[in-house]
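>>> My questions concern the predicted model and sequence given below.
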There are 4 protein chains.
Amino acid sequence: MTKPYPPIGYSDYLKVDDLLQLQCPRAEQFGISAHDEMLFIIVHQTYELWFKQILTELDSVLRIFARPKVDENALGTVVSRLGRITEIQRVLIDQISILETMTPLDFLEFRDALFPASGFQSIQFRLLENKLGLPRAQRLPFNAQPYTAYVGEAERARLEQSEKDVSLFECVEKWLERTPFLESDGFAFWELYRKAVARMFESDRELVRKNKVLNDEQRDKNLDGISANEDGFNAIFDEKRYNELRDQGSWRMSLRALHAALLINLYRDQPILQLPFRVLVSLQDIDENFTTWRYRHALMVHRMLGSKVGTGGSSGHRYLRAATDQHRVYGDLFNLATFLIPRSALPELPKAMRERLGFYYSDKKEG
Amino acid sequence: MTKPYPPIGYSDYLKVDDLLQLQCPRAEQFGISAHDEMLFIIVHQTYELWFKQILTELDSVLRIFARPKVDENALGTVVSRLGRITEIQRVLIDQISILETMTPLDFLEFRDALFPASGFQSIQFRLLENKLGLPRAQRLPFNAQPYTAYVGEAERARLEQSEKDVSLFECVEKWLERTPFLESDGFAFWELYRKAVARMFESDRELVRKNKVLNDEQRDKNLDGISANEDGFNAIFDEKRYNELRDQGSWRMSLRALHAALLINLYRDQPILQLPFRVLVSLQDIDENFTTWRYRHALMVHRMLGSKVGTGGSSGHRYLRAATDQHRVYGDLFNLATFLIPRSALPELPKAMRERLGFYYSDKKEG
Amino acid sequence: MTKPYPPIGYSDYLKVDDLLQLQCPRAEQFGISAHDEMLFIIVHQTYELWFKQILTELDSVLRIFARPKVDENALGTVVSRLGRITEIQRVLIDQISILETMTPLDFLEFRDALFPASGFQSIQFRLLENKLGLPRAQRLPFNAQPYTAYVGEAERARLEQSEKDVSLFECVEKWLERTPFLESDGFAFWELYRKAVARMFESDRELVRKNKVLNDEQRDKNLDGISANEDGFNAIFDEKRYNELRDQGSWRMSLRALHAALLINLYRDQPILQLPFRVLVSLQDIDENFTTWRYRHALMVHRMLGSKVGTGGSSGHRYLRAATDQHRVYGDLFNLATFLIPRSALPELPKAMRERLGFYYSDKKEG
Amino acid sequence: MTKPYPPIGYSDYLKVDDLLQLQCPRAEQFGISAHDEMLFIIVHQTYELWFKQILTELDSVLRIFARPKVDENALGTVVSRLGRITEIQRVLIDQISILETMTPLDFLEFRDALFPASGFQSIQFRLLENKLGLPRAQRLPFNAQPYTAYVGEAERARLEQSEKDVSLFECVEKWLERTPFLESDGFAFWELYRKAVARMFESDRELVRKNKVLNDEQRDKNLDGISANEDGFNAIFDEKRYNELRDQGSWRMSLRALHAALLINLYRDQPILQLPFRVLVSLQDIDENFTTWRYRHALMVHRMLGSKVGTGGSSGHRYLRAATDQHRVYGDLFNLATFLIPRSALPELPKAMRERLGFYYSDKKEG
């Protein structure tokens, strides 16, 4: 615990003077008065700073997950850092309200000064999407060009490299696939689970049949819907079927990973599964927050520009809205809810297995 | 200032005892343990309380706007009450995070207890949509039934009456149409505005032509986009054309109301237009907040149910997501941004008119 | 998985009709127009509903903690439910902004109608404080009366009973005291810790001595401060000393519980300590959120009433502000930060102990 | 509407590359691993960026108010810009939750690296306080040194200059003093107001006398409180008395400004007073938000450091908490609520005056 650091002041530590030099409203430089350009710059710079922080957290989580064997001590850290990302995202979403204090007319005063700059060119945001696990093929094409078309050479290389690097999605998939409890201790989980599921669907059908609000046509439509759902269920029992759906884009994760995610959700109260469960919840939170952010961003662009062409030549809010749903990464984890069955219907864990999922100390200890 | 009130205590005033009797978890009554049902009930009851408050504010604003001549003293009140609605909406949106602390598995423990109850049956939310101005024809059909199919007789009558009553949208449209400044004092606003617009589009075309990132095809596509925008502009100058677009659903407001809204946006700094401008901004805020709430609600339903059929037999998150965009009421005000031109390009108001837009006192007074 | 429930609609399930009968603005009944009274009622009713939810969560957590041996499977549930309380608190805090859309003048229109009702009479809030662990002796006296003076007979009895029931503070204290790792496996933690602490203080003194901004007088003052801190440190090594401070009110928890909390903080990465650590963090979050809520409430009262006497005869914002700091329950956990030392300075855990803090499965498993 | 701007890309416009160079975690440079230092830096840099934006808005508002006659067209702009500050403050407050994802133990890993840097040295925050109108004499002394003791020469000069410049508090005070309606049109406002006030206090006394919960001692205490309040009321009618209280620090604004603020609050529905009223409300919002931010900051410091000496040698959270109340600037506007009387008790404005407070156009126009 030697303290090697020479003393330092607040401004030097945070490089405040340099930081405050970096806001250069352009309209002013060209003799045009546009009060709100400063706001526009600062909002975007804070976004870039927060993106850097999110990348810092993502990178650290990737380092933990990229190991062939994930250190069990590190899962708490993973949950904390993913949780920090969601706290940052809350602020990213709320910040939109600050930018919306700028009216469309105020924006027009300097809009030409930005041409053809566009949020499309934020390298960090693209990196962030790639690291989270958005594959190029899933991106909604814009102007029939790849998303890398709008940035410089070096930046393109950096983006392409990040596509080659392993993403969080891939890491998590591999980590899930390695879950050892799926078929251990002679626990025939899938067999029992399949039976429980069959019982549940029968019960759902009965609910629709008894619903007096529905006329015959609606009843049939609903029963068809249930059959479609059951069909989906069959897919997660039948690997071939699942892989077909996966090829069509309905699923992205491997079936084995999906099984593990389901097991973690269902038996999350077991001590050894509690943190893995929180990891999965955090990934959904992050996915949902980015989706919300994208949606609010699309609304804001609509409000600011109407149906005008965006500063970077983009056709604006319609593209952004379509991309909102398209660019989700962890939709599989949301769709997983389709396959949950009530705790009361769950096959019980054998005692031997339950013990193994606990702590070494647990027989002697409290809490 | 006589004080007629007999003394009262906190619990009596707020009817706390009655209030706390109204949470009756159903699972428990049937001997099933489902801790989170209380949360589910309380979240929804707070929603209904807030809906009542929003309706209270909307009704009071409707009373002000429904008069043939809107009292100028009352505009400040209108702005405050619309502003209150947006504050409530912030909380409505944030409350979703509370409900999301319930996991899909926790929900499953009592989901059957709610069947076939559905948020679709919230009368207050439907009233609120109707009062804001969502017409039946614009509603996304669900199960090919009218939205009133899911409620009781008396409630249906109440909803149908609210459709007949004048909505805030209609009131605001009429109020805008009565704006006296559109053609007063010999100010040929529209003539000058049209010329300014033509200059602006020429300039936009030039920007695209100079954009080196675009290839020929993209350039043509963008130029086509600008022509399409200019086309839209022509619509607001040509009443016949505008009414055709309106019949097709691209616009909803009358052209005269739209002109007034545009004028208010462009000359909002004039004292007499400052509060009308804030009214228009508040309507956009309200529209955007409900849209955001609907979107987050759809995400939450996806998370909670996956692709399962909803408790009321609804096909769930896909319907909700589609309705999110479809059920916006004040889209016209957002689209208005398409037609704004920079302040620097605005035709200047003649001095005589400028004076008339000010206060009686203004020659003598400060601030 | 039988489904015993008869069908039910939304309104019946949530008792919406009854719920919407419970808002009875009093001014109106006496022929006085006071638009904002509805808001006042609804804000407070939503508060009471949320208080009920918080009590529901607290009670469930108390049931888990009140057992002589806390089920390790249940700790995840505890963390989730405490986390839910903090999400609710975020909304409670944000709701103040809704009430602040009511101006003091609007409040005056119906203020007399409430006399002498007062938030002091919210039984649920008092229960909540008692269950969290606020002892009567710690409450800031108001008008020289006990806090139960302002409520009815039955309610007083209920509050007095809740003071006798075991509180969360007491449960957590007992649970901490039972932590088995404090002296197990021959790990002489406290001896090593004491040495590490001594090294740290020496280093802190050096930092102050080298600080050139300080003049002699300030330097001495700071060094005195450090000595005072070290003094406090000695207290946690010397039981007699600690108990004296505890009698004076500087500490509330038993020394043994404090030791355990410190150990959990320091070695939180060990699998078996990860959830206990999150429990402690959640308690701090809850304490901080109530404190923030109280503070914002005091500011709002100041804004609404200035220095007027409150509706219940209370002297208003000054009392509330003083109570804000006084009524904190988990200050000990905040003060604990005083005694943390950097990870790098921590005595390392012996391998045998490290293994025991892990999972049974961990030698074979992944993540 | 020439478009003089050469094309520019996103990164160049926002200087993203430079921006992302400015985070230099110090621990790392000295070979120490401290993951959370990046977060610490980025949180503080975003704070500094937002402070710059708030200063930008404050400066623009000061320019408007500093003119001998405030342009009535500009008041809408003032309200918008003050409103923007409050939106930014909401984010500043919420950001604290991000920093709190760092635990005290994580902070310890790099805390020594910051020594003796301290938030005390944020020039922008001090400027912001000075521009809002916090006078040096009101600042809570720290280590018996002036607040300028902790910064460099040039920065000290800048701070001292800002103390000499006119503050927003002073501008607003002057603007209020110039309000022309206080004694115009033969309206003897103060005389009528004084009578209405006397009636109100008599009624308040009666309320206390009738309150059966209070015993004799409490009743007397409350009656004394009312007399004290009435005494305060007398102060605002008696200039000599008021000025004595002002010298003692109970008030800060001139009596004439206070009268004007009261009149604006009471007659805010008059068109010409609606925006001035919003200006006063915004100033309270800003004051309340900074106060809340300071309070939450103090709680966070307590949580992070316990009772340790802060990085800059400060005695930490106790100082911060005391400064929270001490450093409020617009307390007068909050205290004003003490002197409001219900609308129903207000002296009515004579018709001639009412007309003068309206718009020139109002006889002919709608809304």
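Ah, there it is.

>>> Tell me who's in contact with A:Glu160.
Contact partners of A:Glu160, counting by C-beta atoms under 8 Å, 6 or more residues apart in numbering or on different chains, are A:Thr148. Just so you know, the C-beta spots here come from the backbone N, C-alpha and C atoms, and that holds for glycine as well.

>>> All the strands of the stretch 51-200 of chain A, residue numbers only.
Ranges of strands in the stretch 51-200 of chain A, per DSSP state E, counting those that start in this stretch: none exist.

>>> quick one, helices of it?
Ranges of helices in the stretch 51-200 of chain A, per DSSP state H, counting those that start in this stretch, are A:75-99, A:104-108, A:123-132, A:153-164, A:168-177, A:189-210.

>>> Skipping adjacent residues, who's closest to the residue of the stretch 101-250 of chain A found nearest chain D in space?
Residue nearest to chain D within the stretch 101-250 of chain A (C-beta to the nearest C-beta): A:Gln121, separated by 3.6 Å. Spatial nearest neighbour of A:Gln121, excluding adjacent residues (C-beta to C-beta, 6 or more residues apart in numbering or on different chains): D:Tyr10 at 3.6 Å.

>>> For the one you found, the count of nearby residues, please.
Counted by other C-beta atoms under 10 Å in any protein chain shown, the residues lying close to D:Tyr10 total 22.

>>> is it true that the residue of the stretch 101-250 of chain A closest to chain D touches D:Ile8?
No. Applying C-beta atoms under 8 Å as the test, A:Gln121 and D:Ile8 come out as separate, 10.5 Å apart.

>>> Give me the more crowded residue out of those two.
More neighbours surround A:Gln121 than the other of A:Gln121 and D:Ile8, with 23 against 16 (other C-beta under 10 Å).

>>> any idea how far that one lies from A:Leu320?
Plainly put, A:Gln121 is 15 Å away from A:Leu320 if you go by C-beta to C-beta, to the nearest Å.

>>> One more: A:Asn215?
A:Asn215 sits 40 Å away from A:Leu320, going by C-beta to C-beta.

>>> So which of the two has more stuff around it?
Between A:Asn215 and A:Leu320, counting by other C-beta under 10 Å, A:Leu320 is the more crowded of the two (22 against 13).

>>> can you tell if the host helix or strand of A:Val279 touches chain D?
Per DSSP states H and E: A:Val279 is located in helix A:271-305. No. Counting by C-beta under 8 Å from any C-beta of the partner chain, chain D is not contacted by helix A:271-305; separation bottoms out at 12.1 Å.

>>> Check the offset of the helix or strand that that helix is followed by from the chain's centre.
Counting by DSSP H and E, the element after helix A:271-305 in chain order, helix or strand, is helix A:317-326. Here helix A:317-326 shows a centroid-to-chain-centroid distance of 16 Å under the convention C-alpha atoms, centre = their mean, to the nearest Å.

>>> packing partners for whichever helix or strand comes after helix A:317-326?
Per DSSP H and E, the first helix or strand lying C-terminal to helix A:317-326 is helix A:331-335. Identification of packing neighbours for helix A:331-335 by 3 or more C-beta pairs under 8 Å, 6 or more residues apart in numbering or on different chains; DSSP states H and E yields helix A:255-266, helix A:271-305.

>>> Would you mind saying which of those helices lies nearest chain C?
helix A:271-305 (4.1 Å).

>>> contacting residues for the nearest residue to A:Pro276 once chain neighbours are set aside?
If the residues on either side of it in the chain are set aside, A:Pro276 comes closest to A:Ile264, at 5.0 Å by C-beta to C-beta, 6+ apart. Listed by C-beta under 8 Å, 6+ apart, the contact partners of A:Ile264 are A:Leu176, A:Thr179, A:Leu273, A:Pro276, A:Phe277, A:Leu280.

>>> again, only using 7 Å
By C-beta atoms under 7 Å, 6 or more residues apart in numbering or on different chains, A:Ile264 lies in contact with A:Leu273, A:Pro276, A:Phe277, A:Leu280.

>>> Which stretch among the helices of the stretch 51-200 of chain A approaches B:Asp285 most closely?
Among these, helix A:75-99 comes nearest to B:Asp285, with 9.2 Å by C-beta to C-beta.

>>> Perfect, that will be all.
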